[in-house]
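Asks: I'll drop the sequence and a predicted model, then ask my questions.
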Amino acid sequence: MYLCPHNHGLNDMTFRKALFSTIKLLAAVVVVLLLLTVFLCNSSFVQNKMIGFAAEAIKKELHAEVQIGSIGLNLLGQRASVNDVVIKDQQNRDMLRVKEIRANLRLLPLLRGRVLLKELSVSDVDVLVVQPEDGPANYQFILDATKKDKKNKKKKSTAFQLDLRHALLKHLNVKYNDEDFQLDQAIYSYWRGKHKLTVHHLQTDVTKQMKKDTIDWHFDTGMVTATLDDDGNKRVDIKGLKVISDNHKPRRNTNRPYRGAYDRGHLDMTADMGIDILHYGKDTLSARLTNCCVMDTVTGIDFKDVTADISVRGKRVHLSDLMIQQASTKINVAAGDIMLPDKKKGTSLQYRADCITARVMLKDISQPFAPVLKKFSIPLNLRVSLSGTNKGMTFRGVHVNTDDMKFVVNATGIMRDLDKGRDFALHFDVHDMVAKPGIKDKIINQFTVKKYMMYQVYALGVIKYHGSFDILWRKEQFRGLLNTEKGDIDFDFQLDGNTKYLTGRASSNMLKLGELFDLKRIGTIDCSATFSIDYSKQRTAEIRKEKGGKLPIGKVTADIRQVEYRKITLKNIMTNIDSDGAVAKGDVTIKGSMTDLMLEFSFTNTTEMHKMKVKPRLKFRKMFRD
C-alpha cells in the first residue's frame, strides 16, 4: 500500500499528541491518587482507624492499656508521627506518657507490609516506675507477658524491621518511687560501622538524712558517650560529671583556718573519665579505666589521673594495676578486692589490698585535710597492706622511709568504729623508728609553727623509738621508749583537743641532762617528771601580745632520784618549773634530815640555760618539824 509522505507525517504527529495526552492523564491520575491518599491518611476517619490499629497492636505486644492522641502519615516525605501516647499499668496509672514521636519511614518496604525505620525522634517523655519493697514493680506484668510469649515459642514477626541511623530523645523525666531523674537529651547514630550514643545531662536530686544533719545531693552525668564498632570494641567517655552537696550550714572550717577544707556537706566535684568495656554479661563486667581526673577547687581534692583494670562478678569487685596520681603523689595498688554489701545475705562492705606502694608528698593533702602540711615537701616512700569493712580498717606491714633512709618507720595499725562518730579510734604500734641527724630538724621545719628547743632536738643525735599512739575524738595519745645518744626516755603524753593542753609524764634513769641543755656542771640524771603545756593558739597569742617571750607556756614537776653535780652525787631532789612564755621560774629542793637545801632559778631561753639566774636558800628543821 502506498502512503504519501504528507499523510504519514500527520499520523505521526497525531500519535505523539495522543501519547502525550495519555501521559498527562496518567500523571494527573497519580497526583490525584497521591493527594487522595494523603487526604485520606489525614482524614479523621482514616486516622481513627490507624489509631485503633496501632493501639491494638501495641496492646497485644505489651499486654497493657494504650491511648493514642493522633497519628500523622506523610507518604511523600516518608514520615510518620504519633502524638500523646499513654501506656497504663495494672493500677491504671500513667506508666508512660509520650508527647510526640516522629519517624522517617522507607516507602517501598511499607508497600510490602514491612515497617522500616531510618530516623526516630521522641520528645517530652514521662515515665513512672513503682518498686515496692514487698511486691513486684508496676512494669513487671509486661516482662511476665514477654516471657510467656517466649515459652509458647511463637514465630517471630517480620512485619517490623529496624534500620535506625539516627535517633533523638529529648526531655525525659523518670519518677522512681520518690526519686526524680531528668534527661536533657540522648542522641544515637550509626555511621561507618560505629554505633554511638551520647547522653546529655542525666540529673537527679537526693536528700539524705544523716546523724547530724540533712544533706541535699545533686548529681549530673554531664556528657556521656558510649561507642560500639563492628569489631566489638566498646568504650564509655564521661565529661563534666558533677556531684554537689549542701547541708545548708556554714562550712566546718569557717573562721577555722587551721582545719582542712573537706566537708561532705559542701562538695562541688567535677570528674572526667574514659572506660574501655572488655566484657559484660549477666552480673559480670570486665573494664579498663584508661583515664580519670577528679577535682573540687573548694576542698582542694585534686586527682590528676586514676587508672585501673576492673572485674565485677556479682557483688565482688576485683581491681588490678590501680594507679592514683596527684600533683606530686603517686599511689599504686597491684591488686585489691571489694565485696559490696548484700542486704539479702546480711553482709556488709569488705575490702582488701595486699600490696600498696606510694611516693607521697604530704602537701598534696594539706588543703582538704591538714593545712599544717601545706609546706611539707619531703618525699616519703610508703608500703602497706590493708583490709577492712564499713566499720574499721587494719594496716599491716606499714613501712615509711625518706630517699636518704635517714628516717625509717615500721608499724602496724587498726582503725575502729568508723561508723560511730565520737567513738572513732585509730591505734598504731610503732615497732621501730629511726631518725638520724639532719632529718629531725628538716622535718620540723616543714611545719609553719614556732620552733622550741631545736638545740635539744639536734643534741639528741640519732633517735630510735618504739611504742604506740592513739588518735581519738579530739584527743591524741603517745607512749613508748625513746633511745637517744643522750640517754633513754620513757614517756606517755596526750594532746587534749578540748582543753588545748599537752599533758603527760617522762622518765629516764640515765639522761645526760647537762649535755642536752649545755649545762657543763650537771652530769647524768635519774628522774621522772610530769608536765602540762598550753598549746591553745588563742591563749598563747594573748600572752605573747602582753609579755612576748620565746618559751612554751606551762608547768613541769620533776622527782630527781639522783643527779651528778660537779662530780657530786645528789639524791632525792624535787623541782618545779612554771613558765608564762616570757620567763620560766623554778625551784629545787634537796631534803635532808635536819635541813633542806633550796634553789630558785629563772631563764628566758632554752638555748641559753647556762645563763640562768640562781638564788640558793637554806631551810632548817626543828625537832623534825618545819
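Replies: Yes, it's here.

Asks: Do me a favour and get the backbone dihedrals for Asp496.
Replies: phi -100, psi 110 (degrees, to the nearest 10).

Asks: Check which helix or strand the residue nearest the centre of the chain maps to.
Replies: In the chain, the residue lying closest to the centroid (C-alpha atoms, centre = their mean) is Val294, at 8.4 Å. Using DSSP states H and E, Val294 sits within strand 284-296.

Asks: Mind giving me the packing neighbours of that strand?
Replies: Packing partners of strand 284-296 (3 or more C-beta pairs under 8 Å, 6 or more residues apart in numbering; DSSP states H and E): strand 268-281, strand 301-303, strand 305-313. For glycine as for every other residue, the C-beta is placed from the backbone atoms N, C-alpha and C.

Asks: which residue sits closest to Arg316, ignoring its sequence neighbours?
Replies: Met339 (5.8 Å; C-beta to C-beta, 6 or more residues apart in numbering).

Asks: about what we covered before: check contacts around the residue nearest to the centre of the chain.
Replies: 269-271, 301-303, 306 (C-beta atoms under 8 Å, 6 or more residues apart in numbering).

Asks: Let me know which of the helices and strands packed on strand 284-296 is tucked in deepest.
Replies: strand 301-303 (a mean of 18; mean count of other C-beta atoms under 10 Å).

Asks: who does that one pair up with?
Replies: strand 284-296 (antiparallel) (DSSP bridges).

Asks: got the angle between the strand it pairs with and strand 305-313?
Replies: Orientation check (axes from the mean of the first three to the mean of the last three C-alpha atoms, to 10 degrees): strand 284-296 against strand 305-313 gives 150 degrees.

Asks: Return the set of buried residues in strand 284-296.
Replies: Buried residues in strand 284-296, counting neighbours by 16 or more other C-beta atoms under 10 Å, are found at 286-289, 292, 294, 296.

Asks: hey, C-alpha coordinates of it in CSV?
Replies: Provided in CSV are the C-alpha atoms of strand 284-296 (Å, rounded to 0.1, in the frame of the first residue of the first chain):
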residue,chain,number,x,y,z
THR,A,284,29.7,-9.8,85.2
LEU,A,285,31.7,-6.9,83.8
SER,A,286,35.3,-6.5,82.8
ALA,A,287,36.5,-3.0,82.1
ARG,A,288,39.6,-0.8,82.0
LEU,A,289,39.6,2.7,83.4
THR,A,290,42.0,4.4,81.0
ASN,A,291,41.8,7.9,82.4
CYS,A,292,40.1,9.7,85.2
CYS,A,293,40.5,13.1,86.9
VAL,A,294,38.5,14.4,89.9
MET,A,295,38.7,17.9,91.2
ASP,A,296,37.0,20.1,93.8
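
Asks: just how off-centre is that strand within its chain?
Replies: Relative to its parent chain, strand 284-296 has a centroid offset of 13 Å by C-alpha atoms, centre = their mean, to the nearest Å.

Asks: before we move on, the earlier item: need the helices and strands packed on strand 284-296 in TSV (columns: distance to Thr204 and mean pLDDT).
Replies: Shown next, in TSV, are those (distance: least, C-beta to C-beta, whole Å; pLDDT from 0 to 100):
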stretch	distance to Thr204	mean pLDDT
strand 268-281	16	94
strand 301-303	22	93
strand 305-313	23	96
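
Asks: of these, which approaches Met574 most closely?
Replies: Proximity to Met574 (C-beta to C-beta) singles out strand 301-303 among the helices and strands packed on strand 284-296, at 53.3 Å.

Asks: what are the ranges of the helices in the stretch 351-500 of the chain?
Replies: 440-444, 454-459 (DSSP state H, counting those that start in this stretch).

Asks: what do you get for the stretch 101-250 of the chain?
Replies: Using DSSP H, counting those that start in this stretch, helices in the stretch 101-250 of the chain cover 107-111, 140-151.

Asks: Dump the helices and strands packed on strand 284-296 into a markdown table; add distance to Glu100 as well.
Replies: Listed next are the helices and strands packed on strand 284-296 as a markdown table, based on distance: least, C-beta to C-beta, whole Å:
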| stretch | distance to Glu100 |
| --- | --- |
| strand 268-281 | 33 |
| strand 301-303 | 43 |
| strand 305-313 | 38 |
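
Asks: quick one: which of those strands is nearest Gly523?
Replies: Nearest to Gly523, of the helices and strands packed on strand 284-296 and by C-beta to C-beta, is strand 301-303 at 54.2 Å.

Asks: which residues touch that closest one?
Replies: By C-beta under 8 Å, 6+ apart, strand 301-303 touches 262, 269, 292-296, 324-327, 364, 368.

Asks: Next one: the residue nearest to Leu382 when sequence neighbours are not counted from Ile331, what distance?
Replies: Sequence neighbours aside, Ala358 is the residue nearest to Leu382 in space, at 4.3 Å (criterion: C-beta to C-beta, 6+ apart). Distance of Ala358 to Ile331, given as C-beta to C-beta, to the nearest Å: 4 Å.

Asks: Go through the contacts of strand 301-303 and name the one nearest Arg235.
Replies: Set against Arg235, the nearest of those by C-beta to C-beta is Cys292 (13.8 Å).
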